[in-house]
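**Student:** Compute the structure for the input listed below.
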Amino acid sequence: MKENLKETIEKMAKLSRIGITEEEKELFTKSLSAIIDYFDVLNTYDTSQTEPMYSVLDDQTLPLREDEII
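**Tutor:** Below is the predicted model:
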């Protein structure tokens, strides 16, 4: 998986047209791996009885703007 992440980072750098060193590739690979590992931890929690949240504000709805054609 780590090699696949490194290839992904290389591809993102190429598409972004930025140059990154081998050290930066390793750093980004470790960081991305830690983020993915954290999502794996979150996936272990049973949320089947949890109501979905549509807003972080209780009992308040956020005002929506009108769609405008520009």
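**Student:** Between the two ends of stretch 59-70, how far is it?
**Tutor:** Terminal residues of stretch 59-70 are spaced 33 Å apart (C-alpha to C-alpha, to the nearest Å).
**Student:** Which neighbouring elements make contact with the longest helix along the chain?
**Tutor:** For the chain, the longest helix by residue count, based on DSSP state H, is helix 22-42. Judged by 3 or more C-beta pairs under 8 Å, 6 or more residues apart in numbering; DSSP states H and E, helix 22-42 is in contact with helix 2-16. To be clear about C-beta, it is placed using only N, CA and C from the backbone, and glycine gets the same treatment.
**Student:** Give me the contact list for the helix it packs on.
**Tutor:** The contact list for helix 2-16 (C-beta atoms under 8 Å, 6 or more residues apart in numbering) reads Gly19, Ile20, Lys25, Glu26, Phe28, Thr29, Leu32, Ser33, Ile36.
**Student:** now the angle from that helix to helix 22-42?
**Tutor:** Comparing the axes of helix 2-16 and helix 22-42 via axes from the mean of the first three to the mean of the last three C-alpha atoms, to 10 degrees yields an angle of 120 degrees.
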